[in-house]
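>>> sequence plus predicted model, see below.
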Amino acid sequence: MKKKGLLLLTVAILIGSIFAGACAPKPAPPAPPIIIGAPLSTAYVYGWAAHRGMVLAIEEINAKGGVSIGGVMRPFKLEVIDTRDLEPGVPVAEALLAMEKLILEKKADVILGGPLRSEAALAAQDLLTKYKKVSILSAGVLSPAYHAKIAREYDKYKYAFRITSEVIWLSKEATDIFESLRKDYGFDRTFIMVQDVAHARAIGKIMEDGLTKKGFKVLGHEVYPTGAIDYSIGLAKAKAGGAQMLFIWMDHPETGILAKQWYDMKVEALPISGICSAIEQPGAWAGTEGKVNYWFASPCNAGNAPSTATEWTMKFYDAYKARWLIEPEAYGVSSSYMAVYVLADAITRAGSLEADALIAALEKTDMMGIYGRIRFDPKSHQIIPSYDPKEGAVGTWFQWQDGKRVVVWPPTIAMGTIKLPPCLKPVK
Amino acid sequence: MVSRRRERLERGIKVRTDDVYALCSTKEMLYLVAPRLIPILVLLLLPLILPTYWQKVVIFTGVFALLSISWDFLYSFTGLVSLGQALFFGVGAYLAGSLNHYFDISPGLTIPISTIAGATLCTLFLLPALRLRGIYFAMITLVLPLIFLRIIEATAILGGTDGLTALAPLPGIWIELYLILGIMLVALFALRRLVNSDFGLVLRGIHDNDQAVKGAGINIYWYKAQALFIAALLGSFAGAYLTHVYMFVGLSAFALDFTVVPIAATVVGGMGTLGGSVLGAFILVPLSEVLRAFGPLRIVFYALLIVVFIILKPEGLFNYLQRKYREFERWVEV
Amino acid sequence: MLENVLIYGLINGMVLALLAIGFALTFGISGIANFAHGALYILTGYTVWVFLHTLGTPYLLAIFLAMAITALIGAAIYNVILLRIRGMRSSEIIATFALALAILEAFRFFGFVGAKYTLPTFVEGSVSVAGVIVDYQRLILIGVGAGLVGLLWFFTHYTKTGLAFRAIAQVERTALTLGIDSDRMATLSLAFGAALAALAAIVLLPLGQITVETGLNVLLNALAICILGGLGSVTGIVAASLLLGYAQIITVTYIAPHWLMVVTLVAIFVVLLVKPSGLFGKQKELEERV
């Protein structure tokens, strides 16, 4: 009897509270916010860093009153959802379900950010088509398959844009670094080590072909499975062949082992790594006790490491540091921040949130951003890259020099010069 | 102080002694039919009132429910501990995906073809492992999907790490919903019937004491292979189906979640009942969606919940509810 | 290149042995497959890190404290969780695996992700062995691995607890009649297994980074070694580790690194099918397996 009474009471309270909630006077909101849905794998640096970038941009825009759309100022509202797509063992279908939640339940007007894994992002393109949602991909995916898919079937996949770089342009930048090292120091022997994921394998192949064609000697090309914990044999091969430059492209955290092994085995070669979460992060120096000295890494877009690409670059860098008490940590921060501004600009010009108008406005985007002039290719919706920040989006490659991330490439925005480890002597 | 104990008594109903009486009494007919009819009705009506996003969750739940039934059938009735529901799922998914991508066959055909072909393939793959028991059979089933995953990754066949995208969708959400719910219900009731048939009896015998069954002159491997085929049918169907719902198949079709969630669902729901698997899936999957707002903390909650459940209710919810329904309890003085 | 293969194959084998030995010990004694093995490994790493960097404890003290804590957690896992579901194999596995997920994801939630989570090596520097450069940490690892194997052998053959362990492992009922407390032994076996996971973490983690993902890999490796070697003897574990260690390094050197995982997995598959008792298993395991 007692139990029943308790149960009844609980039910009564529940029902009561629901009614009370429904009847409570609601203050009429001034203007409905524009909802930005961000599917991100928030437990990973690429996810949380992109999230922080977006929050900063949205706070700045909302502080100025929001976005003007057809004469009404509307604020942005960010809805982040954890897709877990970077975690191993999680089906992509789950990331897609999360994205549907953003679209269907959170009523996102636009999708920004991810999904971050290329497999998930490629599958998500079909969802964008299905729900006619405009998306600006600003972190993670580097695979050229993403914009190739848009160029191939424009009418179907026109909803997707990408505001960060991709491996074909990154490989051009890397090749130019190799060329410059050959010119300055006479290095021409290289060894390639990449991770077994689509973008890394793609760039590994492009680099091997490209460098061989340009007369470099590629001593070996090793593809490591995700989670590999021993790189001694590859390094020994590089050492035995007399490699002067290593090309490394891995985004799993175990790359830290590679950095330490490179140091411990005294490999006399300059490690040039690109997207490499373990090397990119400011914590890498302390984490490897400085063994990461002389390593190259690329957080992809300028602004993720200190440089003066445009007037906005350091302004963003300092604002981010002030807001989050840490420097922009990795690839995807400046681009996610930028994506919000590009979106705000396009919405104002389009005067509506309707997909076709927004797509047309985004295609006409032309503004100076953190990493140079932001324009999208009208056919593939890929950002137009350049070495000159006045012409297009510039990349950024830094070298660890005594605990600092010093941007050394491209030369137009370099903050310092390339340094060689003492054991590596120039040939010229 | 009078010491008392709790006595459990089965609710007396006439049907147990004489079928004719049950047919005469509406009340007792209801008593028998209600626990089956009400869940069916709820399941079939539920999609009509849910918002679109939660309809999607129902689809997901149905997929996991099928995998859970398949796991429970193998474990509780045949004694095969499988850690490879992801294998069944992945093989079905990749078959459907490649049939649609390379040969342009419509989902109406790819799903049945890959269900049957997938089940046959999985049975063939596992055939050599059938003589293994317990955790060792489990290891084989755990390892096989990983091997396929690594081979696809290393050789870049079937779309490699990018997967196959832009596959044909199913025509509309209502077909998606009722297809999975229908198949799930059919599988549930058909299997519940099957395990009580002669065939099921032999399987239970294998589960309890395979040597004895062998001694009776029955080829246990033939029975195990058949059971495997049935379980793989469900898994492969789930894989082929979800591939077309999301128009995509990739490496993650072999993901560990497809193995772990069904086991967890069965444990929570109650092993050896098949219905418990479905109940478990319908608790865990939506719960995981509700908890999504908590980010990584959601997995912590979820995992701890499973631990707590295993400790406090090792029999599972379904068995508990069944007992409460069939028996009444009272305190008697000793 | 041959010297490289010889030396790094040995190192790789020892790494695998260290990862597997705790898991094998627990399973061998109490029949409990502790799927939280990998999570305990990672837990130790983060505990040492917190002691070192947040509390400023000296390295050696931090190591011992972390090992003790992990061992206690191991014992607690038995007494709080496993005791109630003992004998239900699948429930044991699910409970420990769920616990592992909870531990690992909790670390992820509290922000233990990033490049700064590393442990310092014991002795900095490297040395040339037959023309191959090996760092001291990896040499220490070989020493610890070999020492551990010896100690374990001594422990299980000449101490009272060790003999009780083996008795329980052989015939539980007879052991009970001889006055050996099965639950106490199981608690001890989990504590021992956890402590060995901790030891492995302390020796191995300075080589790389402490990451949440490593937890699952550790578990998979441990399982692979146990299946290959058979759970009967320490010898089996060591032999299987060396075999797999060399097989992996040879694959990496002469075929290609991305077949590395395939080799491991296929090895498990083939061994189970051809010789289900494992390479060095005895009759008793065979009965359990087939």
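All right, it came through fine. Fair warning: this is a prediction, and the values are worked out from it, not measured in the lab. Numbering: from 1, shown residues only, chains lettered A, B, ... in the order given.

>>> how many neighbours does A:Lys130 have?
When neighbours are counted by other Cβ atoms under 10 Å in any protein chain shown, A:Lys130 registers 13. C-beta: built from backbone N, CA, C; applies to glycine.

>>> residues in contact with it?
B:Pro169 (Cβ atoms under 8 Å, 6 or more residues apart in numbering or on different chains).

>>> ok now the helix or strand harbouring it, how far from the chain's centre?
Counting by DSSP states H and E, the element that carries A:Lys130 is helix A:118-131. Relative to the centre of its chain, helix A:118-131 is centred 17 Å away, using Cα atoms, centre = their mean, to the nearest Å.

>>> also stretch A:168-179?
18 Å.

>>> report the buried residues of it.
For stretch A:168-179, the neighbour count (16 or more other Cβ atoms under 10 Å in any protein chain shown) marks A:168-171, A:173-175, A:177-178 as buried.

>>> also stretch C:250-269?
Quick answer for stretch C:250-269 (16+ other Cβ under 10 Å): C:251-253, C:257-269.

>>> these also near chain A: which ones?
Counting by Cβ under 8 Å from any Cβ of the partner chain, the subset of the buried residues of stretch C:250-269 that neighbours chain A consists of C:252-253, C:257-258, C:260-261.

>>> who are the contact partners of the nearest residue to B:Leu242 once chain neighbours are set aside?
Distances taken as Cβ to Cβ, 6 or more residues apart in numbering or on different chains place B:Val63 nearest to B:Leu242, at 5.3 Å, with adjacent residues excluded. B:Val63 makes contact with B:180, B:238, B:241-242, according to Cβ under 8 Å, 6+ apart.

>>> element containing B:Val63, please.
helix B:52-72.

>>> can you point out the buried residues in that helix?
By 16+ other Cβ under 10 Å, the buried positions in helix B:52-72 come out as B:53-72.

>>> the next helix or strand after the helix holding A:Lys130 pairs with which strands, parallel or anti?
Under the assignment DSSP H and E, the closest C-terminal helix or strand after helix A:118-131 is strand A:134-137. Strand A:134-137 pairs in its sheet with strand A:110-113 (parallel), strand A:160-162 (parallel), by DSSP bridges.

>>> what about the longest one, average pLDDT?
Spelled out, that is strand A:110-113. For strand A:110-113, the mean pLDDT works out to 89.

>>> may I have the helix holding A:Lys130 as PDB, with CA atoms only?
Presented in PDB, the C-alpha positions along helix A:118-131 are these (Å, rounded to 0.1, in the frame of the first residue of the first chain):
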ATOM      1  CA  SER A 118      37.000  10.600 -44.300                       C
ATOM      2  CA  GLU A 119      35.000   7.400 -44.400                       C
ATOM      3  CA  ALA A 120      32.200   9.100 -42.400                       C
ATOM      4  CA  ALA A 121      32.400  12.400 -44.200                       C
ATOM      5  CA  LEU A 122      32.000  10.700 -47.600                       C
ATOM      6  CA  ALA A 123      29.000   8.900 -46.400                       C
ATOM      7  CA  ALA A 124      27.600  12.100 -44.800                       C
ATOM      8  CA  GLN A 125      27.600  13.800 -48.200                       C
ATOM      9  CA  ASP A 126      24.700  11.600 -49.200                       C
ATOM     10  CA  LEU A 127      22.800  12.600 -46.000                       C
ATOM     11  CA  LEU A 128      23.400  16.300 -46.800                       C
ATOM     12  CA  THR A 129      21.800  15.700 -50.200                       C
ATOM     13  CA  LYS A 130      19.000  13.800 -48.600                       C
ATOM     14  CA  TYR A 131      18.100  16.600 -46.200                       C
END
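
>>> orientation of that helix relative to helix B:52-72 in degrees?
Orientation check (axes from the mean of the first three to the mean of the last three Cα atoms, to 10 degrees): helix A:118-131 against helix B:52-72 gives 130 degrees.

>>> now the residue in the stretch 101-250 of chain B that chain A sits nearest to. Its backbone dihedrals?
Going by Cβ to the nearest Cβ, chain A is nearest to B:Phe248 of the stretch 101-250 of chain B, at 3.7 Å. B:Phe248 has phi and psi values of phi -160, psi 140 when expressed as degrees, to the nearest 10.

>>> what score does it have for pLDDT?
pLDDT, B:Phe248: 85.

>>> that one and B:Asp162 touch, don't they?
No - counting by Cβ atoms under 8 Å, B:Phe248 does not reach B:Asp162; the two are 10.2 Å apart.

>>> A:Ala160 and chain B, how far apart?
To chain B, A:Ala160 is 12 Å away according to Cβ to the nearest Cβ, to the nearest Å.

>>> just give me the neighbour total for that residue.
Neighbours around A:Ala160, by other Cβ under 10 Å: 25.

>>> now the nearest residue to C:Ala130 once chain neighbours are set aside: which helix or strand?
Leaving aside its chain neighbours, C:Ala130 sits nearest to C:Glu3 (4.9 Å; criterion: Cβ to Cβ, 6+ apart). Assigned by DSSP H and E, C:Glu3 belongs to helix C:2-30.

>>> residues of that helix that come out buried?
C:4-5, C:7-30.

>>> return the distance of it from the chain's centre.
Distance, centroid of helix C:2-30 to centroid of chain: 8 Å (Cα atoms, centre = their mean).

>>> tell me the mean pLDDT over it?
Mean predicted lDDT for helix C:2-30 stands at 87.

>>> repeat that for stretch B:195-211.
88.

>>> who touches it?
If you take Cβ under 8 Å, 6+ apart as the criterion, stretch B:195-211 is touched by B:73, B:76-79, B:194, B:212-213, B:216, B:218, B:220, B:223-224, B:226-227, B:274.

>>> what about stretch B:324-334, near chain A?
No - Stretch B:324-334 lies apart from chain A when judged by Cβ under 8 Å from any Cβ; the minimum separation is 13.8 Å.

>>> off-centre distance for that stretch?
How far stretch B:324-334 lies from its chain's middle: 32 Å, per Cα atoms, centre = their mean.

>>> so what's the residue nearest to C:Ala130 up against?
The neighbours of C:Glu3, taking Cβ under 8 Å, 6+ apart as the test, are C:130-132.

>>> list the beta-bridge partners for A:Thr190.
Beta-bridge pairing of A:Thr190 under DSSP bridges involves A:Val218, A:Met245.

>>> my bad, should have said A:Gly372
The partner list for A:Gly372 in beta bridges (DSSP bridges) reads A:Gly369, A:Ala393.

>>> how far away is it from chain C?
Separation of A:Gly372 from chain C (Cβ to the nearest Cβ) stands at 28 Å.

>>> distance check, that residue against A:Tyr157.
Distance of A:Gly372 to A:Tyr157, given as Cβ to Cβ, to the nearest Å: 26 Å.

>>> same question, B:Leu170
B:Leu170 is 20 Å from A:Tyr157, where distance means Cβ to Cβ.

>>> so which bits of the stretch 251-400 of chain A are right by chain C?
Counting by Cβ under 8 Å from any Cβ, the stretch 251-400 of chain A sits next to chain C at A:252-254, A:256-257, A:260-261, A:264-266, A:277-279, A:281, A:283-284, A:286-289.

>>> now swap in the stretch 101-250 of chain B and tell me
B:128-129, B:131-136, B:139-140, B:142-144, B:146-147, B:150-151, B:153-154.
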